[in-house]
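Trainee: Need coordinates for the below:
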Amino acid sequence: MKQYFLIQLKRSTRFFSDNGLNPILGTIFAPLLFILISLAVISLNYGVYFYSGITLFITTELSEINRNEFLKNCFSRSSYIKIRILENILIILPFCFVLTYKGYYLIASILTIASILMSNINFNKINGFVLPTPFYKEPFEFAVGFRKTFIFFLFPYFLAYKAYEVDNFNLIYASYISILIIVITYYNDIEDAFFVWIFNMSARKFLLMKLLTASKYTIMLCMPILLFSVFGFPNKILIQCGLILVLILCITFTILLKYSAYPNRIGPSMAKILILGFFFPPLLLISLPILYHNSVNKLKIHLE
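Mentor: Model (predicted):
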């Protein structure tokens with residue numbers, strides 16, 4: 001049982017190194033980021049219920065029947081029960097810590113009891129069910145990424161609703177930044193060279209296809225926020241159109257950055273440039289021609 005949790009810990013630290021981050025720094029800053037986001041969500045009206053719903057959703061992911069059948073085959077009955085109870089508690093503990101700090105003792109207690117009870121419940125995913133998306137026509141980042149992250153889009157859309165309710169345009173900024181963070185993760189995976197080679201087109205056309213697809217789908221994801229703003233902030237529509245253009249610029253930079261290093265992952269220094277570029281877009285504009293040239297040269301090996 002101890003070995004199981006050591007493996008899970010190693011997988012968690014490997015996540016940071018796989019994404020170009022120092023595992024030690026990631027382990028330090030990830031909890032701080034979690035606390036800041038949690039406090040921001042709970043501070044919203046009815047945010048505590050949204051926060052609790054996310055907590056329960058995460059624990060249900062650990063109750064997937066195939067996953068738990070595998071654990072039953074690897075461990076004795078008593079060890080399996082201990083593992084399931086302990087991992088549910090470990091997952092829910094940070095959320096309960098924040099709820100307790102904010103004074104929601106009853107909700108924290110209910111979530112703890114619910115997580116323990118759910119450790120003995122398995123959920124079977126619906127066989128053959130595929131979440132329908134509007135992103136199925138072009139491969140592959142948005143179709144795959146949206147199915148993995150669709151639940152997280154409740155957060156930026158909830159922020160947009162709250163911005164309209166409390167008349168706070170700053171929440172609109174936060175909702176667009178949330179969209180950007182989610183979409184950028186879609187380009188974290190490096191596809192096999194075969195899935196680039198199969199496209200019968202030049203490197204320049206391949207990049208253009210990727211950029212147009214990302215722009216179109218990003219605008220689609222931003223439309224609910226823009227619609228809220230039509231009623232709440234009609235005099236700031238042009239500002240939001242500018243924000244959407246900045247998002248597209250950042251995602252364009254991400255795509256070119258990905259293929260400029262292809263088939264390797266981008267380094268942490270370039271990731272920092274992307275973050276800085278969101279707050280200072282001219283930095284991205286300066287970098288785009290260089291990244292485009294490097295991306296074309298990298299892709300020519302596989303496409304031409």
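Trainee: Mind listing residues that contact stretch 179-193?
Mentor: Residues external to stretch 179-193 that are found in contact with it (Cβ atoms under 8 Å, 6 or more residues apart in numbering): 19, 140-142, 144-146, 149, 152-153, 156, 214, 218, 221-222, 225, 247, 250-251, 254-255, 258, 262-265, 274, 278, 302. C-beta: built from backbone N, CA, C; applies to glycine.
Trainee: Now do it: distance to the chain's middle.
Mentor: With Cα atoms, centre = their mean, to the nearest Å as the basis, stretch 179-193 stands 9 Å off its chain's centre.
Trainee: and it, how far apart are its ends?
Mentor: With Cα to Cα, to the nearest Å as the measure, stretch 179-193 spans 28 Å from end to end.
Trainee: In that stretch, which residues are buried?
Mentor: In terms of neighbour count (16 or more other Cβ atoms under 10 Å), stretch 179-193 has its buried residues at Ile179, Leu180, Ile182, Val183, Ile184, Tyr186, Tyr187.
Trainee: So which of the contacts of stretch 179-193 are in helices?
Mentor: When helices are assigned by DSSP state H, the members of these inside them are 141-142, 144-146, 149, 156, 214, 218, 221-222, 225, 247, 250-251, 254-255, 258, 274, 278, 302.
Trainee: Low-confidence bits of the stretch 201-304 of the chain, can you list those?
Mentor: Segments of the stretch 201-304 of the chain classed as low confidence (criterion: pLDDT under 70) are 265-281, 304.
Trainee: 90 - rerun?
Mentor: Along the stretch 201-304 of the chain, the parts satisfying pLDDT under 90 run over 201-207, 209, 224-243, 246-247, 249-304.
Trainee: who does the host helix or strand of Val296 touch, helix- and strand-wise?
Mentor: Using DSSP states H and E, Val296 falls within helix 281-303. Helix 281-303 sits against helix 194-197, helix 203-232, helix 237-260, helix 268-279, with contacts defined as 3 or more Cβ pairs under 8 Å, 6 or more residues apart in numbering; DSSP states H and E.
Trainee: of the ones in helices among the contacts of stretch 179-193, buried ones?
Mentor: 141-142, 145-146, 156, 214, 218, 221-222, 225, 247, 250-251, 254-255, 258, 274, 278, 302.
Trainee: Pull the contacting residues for Ser178.
Mentor: Contacts here follow Cβ under 8 Å, 6+ apart; on that basis Ser178 touches Phe152, Phe155, Pro156, Leu159.
Trainee: Can you tell me the closest non-neighbouring residue to the second one?
Mentor: I take that to be Phe155. The spatially closest residue to Phe155, leaving aside those adjacent along the chain, is Ser178, at 5.7 Å (Cβ to Cβ, 6 or more residues apart in numbering).
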